[in-house]
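Colleague: Turn this into a structure:
(2 chains)
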Amino acid sequence: MYKCLIKLSLHQRTAQGTGSRMAHGILGLLRPLQSRLSASRTRLVLLCAETEQHQGPARGWAERAFSSTHQDAPGESSSEDRVTVHFINRDGERLTTTAKEGESLLEVVVNHNLAIDGFGACEGTLACSTCHLIFDKDTFQKLDAVSDEELDMLDLAYGLTDTSRLGCQVCVKKWMDGVTLRVPMDVSDMRRQLEVGKQSKQ
Amino acid sequence: YSQQGYYSWCCLLQPSCGHVGWLFWARFRHLVQTQGTLHSSDISFAFADQTHRVSVPEAEEAALQRGHLQLQALALPAEIRGADGPCSPHNGAGLRRWLCSAAPAPRVCVVGSGPAGFYTAQHILKHHGGALVDIYEKLPVPFGLVRFGVAPDHPEVKNVTNTFTQTARSGRCGFYGNVTVGRDVTVPELQQAYHAVVLSYGAEDNRVLGIPGENLPGVYSARAFVGWYNGLPENQDLKPDLSCETALILGHGNVALDIARILLSPLQLLRKTDITDSSLAALACSKVKRVWLVGRRGPLQVAFTIKELREMINLPGARAVLDPADFTGLESAVKDASRPRKRLTELMIKTALEKPVEMQAGAAAPREWGLKFQRSPQEVLPSADGSRARGVRMALTRLEGSGDSAKAIPTGDVEELECGLVLSSIGYRSLPLDPAVPFDSQRGVIPNSSGRVEGVPGLYCSGWVKRGPTGVIITTMNDSFDTAQSLLEDLQGGVLDISPSREGFGLVESILHSRGVRPVSFSDWEKIDAAEVARGKAAGKPREKIVDPAEMLRIIGH
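Modeller: Okay, the predicted model is just below:
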């Protein structure tokens, strides 16, 4: 199953709105390609340089004109009962999304195509530990009890902590709005952290 | 930033040119024509006008703010940046030429299509928008141990093949089955065809006991037995003799537990799995009703994991026979151990102390399995006529040291265990592939540092052949990402030189053709896959594996 996300965001402030015309033109040219995109994610990001004039209406037009397909499940109504969830990725990057109550955290990552490497290898069947997430203490204590089966798999997880759970076993609830979850470092990450520390930044 | 011919790139251009739309379309059309599809890359364009040039860091920052994680910035060559800017009508041709030039994309070759191969390929493709990765596999079918190692009654673990399939189907990934690297094409030949070669061919052999009687009929390596019931072509002739009552499995790992479980599982459970038909028939006639798992060290050194142990304990129709004496004092010994070790030991203790369930009158005696500790095999004893194994003489050991580094020292006492079936489950082992590849025969791995093969630039390794034959899929996944990361770093840092253009499969194809080898494509595999699933459906199984490579090739018309 291929999810094609063409997200075009335009930040342009040229006087003539040439950038937006071009962007529109490009999108038009790309349309025939969309059916052939075998991509899981293709993004067109158009950036235009800042000039003196800020063209408010043009920007608004640009944002309206371009479609931004979302990874929501089909037939879903938007905005209500959405719970905001933050994931801190292995490189410290924060990924934010809104989820529906009842979705498992694994489903959230997969459905919203969050960029977390190797997440959910066994597709939520308690046969691996790749959806391992670290919670803050308060949230962790309020979660539903952990089963033996989940503990058995957690036992194999890298970087296990006292507030670790498997994402496929935890479902989003309204009270979790704004929760922040940490994706644990794996063995290779820790080695790389040491290497990066030795090199100077470019 | 140096000029790189990636498909994901950020180009600093002038907004005034009307040619931009046309130029980008030409580039995409070129890509579609040469690659078949446009691929998942983050394609970014940054426009800078003459007076306020967007600097590369600014473009990066703006892109990152939009969640665009990867940005490759290209500094346009001076000859394209004219006075009017690169996209002015006067210079359109220059830019057009430059954009559409066949700049080399890094070509990577992966040897082995098991989890290591696929996870390495996946990570490279995901984090490099232009790399082309070809995966070679010696069998006509992919997935390695996921198909041939994971037990038939563990189908959830095999879900990883779904993500592998997505990777194989993606535009920048090629799959070539039925190609034995080291014979049909050598590693030096692959190095001519690709900028980088990753060896992920796993461990196809096993460690040997090195004791007398090891080669008697009735003694099998666990690897061969697992290959047998999982349909690995080379093990189909195993014909294990299951006519005895007692089987001995030497080893305390998950493979040992898998075999014990398959030997003792009720047939109606196995029937619904993808275990091969012929092994199911053999198991249906099996007389084995008692399985001992024998290890040299103690309960604190077992290598199997709790999920598999729990499964064995809960196996219908079988009961666990654990000697409480083996666990004396261990409860306190693990009080401060890591949680995994603690829970595992506590489960064994609990099971050892449980009273056996009262049997109902007339009920069939349950099958039995048990763990024996601190016993090291000295000799497989032959039957009176010397024709087969009848038992194993074990040396009793004591432990020196503790934890993982504890050593088993023979005490001088021995014990004989009667059995008709001996399965040696003491570890898999990798073999050297090609004289051009360094190999540490003692450790059974390719010497490497974070996946970079020592002394051979452009050569990498991942999975069991890199690390040794242990671990579950997540271990291999992390390890493969580690190797992929090394490769990506080398690409970015210029350590891997991609300026010489390489032909990839174009070159390999002619080599294979000259040797009479016809590779199997991924869509060929999908035909075999469909045939297996269809055959399995009739029997209520997820698939009926085809075990004869000649039949596989027939199905795809080769």
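
Colleague: tell me, how many neighbours does the residue of the stretch 101-250 of chain B found nearest chain A end up with?
Modeller: Using C-beta to the nearest C-beta, the closest approach of the stretch 101-250 of chain B to chain A is made by B:Glu156 at 3.5 Å. For the C-beta atoms, the positions are set from N, CA and C on the backbone; glycine is no exception. Neighbour count of B:Glu156, defined by other C-beta atoms under 10 Å in any protein chain shown: 14.

Colleague: What of A:Asp162?
Modeller: By other C-beta under 10 Å, 9 other residues sit near A:Asp162.

Colleague: Please apply the same query to the one 4 residues further on.
Modeller: By other C-beta under 10 Å, the residues close to A:Leu166 number 26.

Colleague: what are the phi and psi values for B:Lys158?
Modeller: Note on B:Lys158: backbone dihedrals following degrees, to the nearest 10 are phi -80, psi 0.

Colleague: So, low pLDDT: which residues of the stretch 351-500 of chain B?
Modeller: Residue ranges of the stretch 351-500 of chain B with pLDDT under 70: B:357-363.

Colleague: change it to 90
Modeller: Across the stretch 351-500 of chain B, the ranges flagged by pLDDT under 90 are B:354-366, B:403-404, B:472, B:498-500.

Colleague: Then chain A?
Modeller: Across chain A, residues meeting the criterion (pLDDT under 90) sit at A:1-82, A:91, A:158-159, A:185-202.

Colleague: ok, which stretches of it are helices?
Modeller: Assigned helices in chain A, in chain order: A:18-34, A:56-65, A:105-111, A:137-142, A:148-154, A:187-198 (criterion: DSSP state H).

Colleague: Roughly how far does B:Ala538 sit from B:Glu544?
Modeller: 8 Å (C-beta to C-beta, to the nearest Å).

Colleague: quick one: which of these two has more around it?
Modeller: Remark: of B:Ala538 and B:Glu544, B:Glu544 carries more neighbours, 20 against 8, as counted by other C-beta under 10 Å.

Colleague: which secondary structure element contains that one?
Modeller: Under the criterion DSSP states H and E, no helix or strand holds B:Glu544.

Colleague: Excluding chain neighbours, what is closest to A:Thr180?
Modeller: Take A:Thr180 and drop its neighbours on the chain: the residue closest to it by C-beta to C-beta, 6 or more residues apart in numbering or on different chains is A:His86, 4.3 Å away.

Colleague: Touching, B:Glu456 and B:Val437? I think so.
Modeller: One correction, residue B:456 is Val, not Glu. Yes - using C-beta atoms under 8 Å, B:Val456 is in contact with B:Val437, at 7.2 Å.

Colleague: Neighbour count: those two, which is higher?
Modeller: Legend: neighbour count by other C-beta under 10 Å for B:Val456 and B:Val437, higher for B:Val437 (22 against 18).

Colleague: What's opposite B:Leu371 in the beta bridge?
Modeller: With DSSP bridges as the criterion, B:Leu371 is bridged to B:Leu293.

Colleague: who's in contact with it?
Modeller: Going by C-beta atoms under 8 Å, 6 or more residues apart in numbering or on different chains, B:Leu371 touches B:His252, B:Trp292, B:Leu293, B:Gly295, B:Pro299, B:Val302, B:Leu322, B:Asp326, B:Met348.

Colleague: Mind checking which of these land in helices?
Modeller: Using DSSP H, these in helices are B:Met348.

Colleague: For the contacts of B:Leu371, give me a markdown table that also has neighbour count and pLDDT.
Modeller: Compiled in a markdown table, the contacts of B:Leu371 are given as follows (neighbours: other C-beta atoms under 10 Å in any protein chain shown; pLDDT from 0 to 100):
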| residue | neighbour count | pLDDT |
| --- | --- | --- |
| B:His252 | 24 | 98 |
| B:Trp292 | 20 | 98 |
| B:Leu293 | 25 | 98 |
| B:Gly295 | 26 | 98 |
| B:Pro299 | 21 | 97 |
| B:Val302 | 23 | 97 |
| B:Leu322 | 21 | 96 |
| B:Asp326 | 17 | 97 |
| B:Met348 | 22 | 97 |
